[in-house]
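Engineer: predicted structure and sequence below. I'll ask about it afterward.
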Amino acid sequence: SQTCMNEFEMTTRGGTEREDEDNDHSPLLTANALRLPRRGNSPGGPYDGVTWGSVGVGLLVGAMLCFSNMYFGLQTGWITMGSLTSTLCGFGLCRLLRIPLSVQGNVMLQTAAVAAATLPLAGGFVSIIPALGMLAEPVHLNFGQLLVWCFSVSLFGVFFAVPLRRQVLLRERLRFPSGTATAEMVAVLHRTHLAQPVDVNDEGDATSPTPPPPPSPPLVSAVVAAADGDTYHRSVFAVSTINHPTSSGPGDDPTANAAAAASSASGSTCGGGGNSSRSSRWSVAAHGLGGSDDEEETDNPHPLDMRQIWRWLSWSFAVSAFYELLAYFIPLLKKIPVLGTGAPAQWGWVLSPSPSYIGQGMIMGWRTASSQMAGALFAWALMGPIAKSKGWAPGEISDQKRGASGYLVWFALAIIFGETIMSLSILCVRLWQQRKRRMRQLQLQAEPALDYAPLSHQVPRLWWLSGLLLSCVACTVASSTIFGLPVYEPFVAVLVALLVSVLALRALGQTDLNPVSGVGKLSQLVFGGISPGNLVSNIVAGGIAEAGAMQSGDLMQDLKTGYLHKSSPRAQFLVQLVGSLCSIAFSLAAWYLYTSSYQIPGPEFQVPSAKLWLDMAEIINGAELPSHLLPFCLGGGAVAASLPVLETWRPALKPMLPSAVAFGIGMYLSAYWTIPRFLGSVAERLWARHAPQSHDRLMIVVASGLVLGEGLMSIVSAVFTSQNVPVWTCGGCTPDICPGRCSS
């Protein structure tokens, strides 16, 4: 029986204890409890896998991802959670540096990396902080205020996820596809198999126990968080995150469709990405990504030498980094005027052969990238020129108030908002229906599933309860003090954030899409009634909701990975706290590096997510639309809202329907960012069609290298810019093509 199996598993780990919150007398947090052993605790201990090596390498990888996320988030809103990237890169670094790394150590490594990588979105650096600076009476935060703000929003979502673990992982067994994919990747790298069977069906309902899966699953779905930033998904776009379910196709689950749209609604690419746009169309081969030499070998019908993986990763990284460095000295390489330097260049129709954006397009997939391209064509080749010629947008094209750029943002926001509201509504209905079915099934069980982790491995109630209380109080006091708000407003914002985090967490568990942007917009709607006319409180409330949803979602994905490898939840919780605190330093360093080197918003960093947050706050508080725009907004919003309904009614139609959110993103992003993404999706599609085996094994490796190479080399470019290092040539440049260094 289920009960006997779980009791046997717990006995082998040192007892038959079951988690009992009412009798939790675990010791308080002590310095001795936090001591990190050089080579790890004894196997099966409460801190198994927590070593200076695993946590240190995880923080190093997280720091690189953090700088990369800040760079792309400020440009277009793209942010990646990077759980698979951090697992793969961290494993390689440990082997290169000869740092011992166990399965549990790899789980802790990726937990630290993910926690350290995503504060650019959760802290609002790519969304609400620039938006506050764009107000008529701008709000600029100094270093001390930014430090306090980051600390106040970086932890309460982590504490809030802890009490939900038992419900969503043990009782309901939600699948959390990204966490499952990461666990499978860890198993592949270490040539072992999952310690816990993946025993959920397509809706995340509990099923009967199944025998352990075969050692190397054929495919591991990869994950990207696009965060809206808004996120694009957890792809902020902040597209806030693009996450990808492992067991269902893009049209198989209407709930996934709804969550995908809600996630993307914020205007970015995850994530959560939150969490993106495509639901599970790209993968990484789990066969033969060679593992550590001291692990047990498993049969592999298609062995792939690990050296080949590192070779592809290194070459793609090097090509992308070299392009970014060369483009600094030859600025024309950033925007090549293939259609001439006249009107096409003024409307953004230049070629930016950026390897990183090509890599992003490979990750997004055909449907999302082609929808963005369609939005760019509609906005920058049709609607924008019409609005300017008729005098509806008489200012300069880039003018956010009177020009075509500002005109198109309102139109895009209506499309994104229409799909977001409808998708969230469908999502809530379906989650409620599925919850009722699960509860009926659980009532037929003799008793709930036992936890594999003994009490000594659990997070004591005193830790998470006191931490949640203190972090909520800190967030309330900090927000009130920094932004001059009445205390009750940030207090209500925190409560709303906790409530919508539950919705986001359940959506993430079932669909792998964290609708962080959608819940942020929902919080803005609530505050439109609580504090009408106050743009600052409206934006801040949305940022708090987004932070809570993203942080709790990240930790639960990590806990799912740990659950499948029987890792200590207490150890993961502490590592998540360490990563979140270190992310404050990483994010502040990245923020001041880019803001001191470039104008933000400016030609290089347009911060589109901030524009969406600001426009959303203005429209909720009664702002008037530009002339002749209302009919377009109403029509576009209605069409966008109809798409989730069609996808839910006939899931088979989804591949033939555009993504309204991606279409809206293509409208407000300059066309030169969309073109390389579209080209990347075309390359990925051709690769998958003509060489499916190498595509399955290497696509995510190549795409990750392309994204990381330019992202990290941008640090060098920012330093060169701040030091006024001269370029080699400005040949072919015009103010529209090469603003900044060659515009004078």
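Structural biologist: Perfect, thanks for sending it.
Engineer: show me where pLDDT drops low in this structure?
Structural biologist: For the chain, the stretches flagged by pLDDT under 70 are 1-45, 48-49, 195-305, 431, 434-451, 511-515, 517-518, 735-737, 739-744.
Engineer: check the gap between I421 and G680 for me.
Structural biologist: Distance of I421 to G680, given as C-beta to C-beta, to the nearest Å: 30 Å. Every C-beta, even on glycine, is put in place using the N, C-alpha and C of the backbone.
Engineer: ok, the two, which is more surrounded?
Structural biologist: Between I421 and G680, counting by other C-beta atoms under 10 Å, G680 is the more crowded of the two (25 against 21).
Engineer: now the strands: where do they sit in the chain?
Structural biologist: Using DSSP state E, the strands of the chain run over residues 219-221, 227-231, 238-240, 283-285.
Engineer: list phi and psi for the closest residue to L332 other than its chain neighbours.
Structural biologist: Nearest residue to L332, sequence neighbours excluded (C-beta to C-beta, 6 or more residues apart in numbering): G732, at 4.6 Å. When read as degrees, to the nearest 10, the backbone of G732 gives phi 80, psi 0.
Engineer: and stretch 571-591, how far from the chain's centre?
Structural biologist: 16 Å (C-alpha atoms, centre = their mean, to the nearest Å).
Engineer: and stretch 656-666, by the same measure?
Structural biologist: On C-alpha atoms, centre = their mean, the centre of stretch 656-666 falls 19 Å from the chain's centre.
Engineer: burial count for T476?
Structural biologist: Around T476 there are 23 residues (other C-beta under 10 Å).
Engineer: that one contacts F491, doesn't it?
Structural biologist: Yes. Using C-beta atoms under 8 Å, T476 makes contact with F491 at a distance of 4.7 Å.
Engineer: find the nearest non-adjacent residue to E489, please.
Structural biologist: Using C-beta to C-beta, 6+ apart, the closest residue to E489 is S537 (5.0 Å).
Engineer: who's in contact with the one you found?
Structural biologist: By C-beta atoms under 8 Å, 6 or more residues apart in numbering, the contact list for S537 reads F483, L485, E489, P490, A493, F527, I530, S531.
Engineer: could you measure from the residue of the chain most remote from its centre over to L499?
Structural biologist: In terms of distance from the mean C-alpha position of the chain, K390 ranks first, at 39.7 Å (C-alpha atoms, centre = their mean). Distance of K390 to L499, computed by C-beta to C-beta: 45 Å.
Engineer: chain center to the lengthiest helix in the chain: distance?
Structural biologist: For the chain, the longest helix by residue count, based on DSSP state H, is helix 404-443. Between the centre of helix 404-443 and the centre of its chain there are 18 Å (C-alpha atoms, centre = their mean).
Engineer: same thing with stretch 472-481?
Structural biologist: Using C-alpha atoms, centre = their mean, the offset of stretch 472-481 from its chain centre is 25 Å.
Engineer: and it, which residues are buried?
Structural biologist: C472, A474, C475, T476, A478, S479, S480 (16 or more other C-beta atoms under 10 Å).
Engineer: quick one: buried residues of stretch 349-365?
Structural biologist: Buried residues in stretch 349-365 (16+ other C-beta under 10 Å): 349-352, 354-365.
Engineer: equivalent analysis for stretch 380-397, please.
Structural biologist: For stretch 380-397, by 16+ other C-beta under 10 Å, it's W380, M383, G384, P385, A387, K388, W392, A393, I397.
Engineer: CA atoms only: put it into PDB for me.
Structural biologist: Taking C-alpha atoms only, stretch 380-397 is exported to PDB below (Å, rounded to 0.1, in the frame of the first residue of the first chain):
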ATOM      1  CA  TRP A 380       5.900  49.500 -37.000                       C
ATOM      2  CA  ALA A 381       5.100  49.000 -40.700                       C
ATOM      3  CA  LEU A 382       1.400  49.800 -40.600                       C
ATOM      4  CA  MET A 383      -0.300  51.300 -37.500                       C
ATOM      5  CA  GLY A 384       2.500  53.600 -36.500                       C
ATOM      6  CA  PRO A 385       3.000  55.200 -39.900                       C
ATOM      7  CA  ILE A 386      -0.700  55.600 -40.300                       C
ATOM      8  CA  ALA A 387      -1.000  57.300 -36.800                       C
ATOM      9  CA  LYS A 388       1.800  59.700 -37.700                       C
ATOM     10  CA  SER A 389       0.600  60.600 -41.100                       C
ATOM     11  CA  LYS A 390      -2.900  61.400 -39.800                       C
ATOM     12  CA  GLY A 391      -1.600  63.500 -37.000                       C
ATOM     13  CA  TRP A 392      -2.700  61.200 -34.200                       C
ATOM     14  CA  ALA A 393       0.900  60.800 -33.000                       C
ATOM     15  CA  PRO A 394       2.500  64.100 -34.200                       C
ATOM     16  CA  GLY A 395       5.700  63.900 -32.100                       C
ATOM     17  CA  GLU A 396       9.000  62.200 -32.800                       C
ATOM     18  CA  ILE A 397       8.600  58.500 -33.300                       C
END
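Engineer: show residues contacting it.
Structural biologist: 346-349, 401-408, 411, 626-629, 632, 667, 670-671.
Engineer: buried subset of those residues, written for ChimeraX?
Structural biologist: Provided next is the ChimeraX selection string for whichever of the contacts of stretch 380-397 are buried by 16+ other C-beta under 10 Å:
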select :346,347,348,349,403,404,405,406,407,408,411,626,629,632,667,670,671
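Engineer: Q693: neighbour count?
Structural biologist: Neighbourhood size, Q693 [other C-beta under 10 Å]: 11.
Engineer: typed the wrong thing, it's H190
Structural biologist: Neighbours around H190, by other C-beta under 10 Å: 22.
Engineer: and it, its phi and psi?
Structural biologist: phi -100, psi 10.
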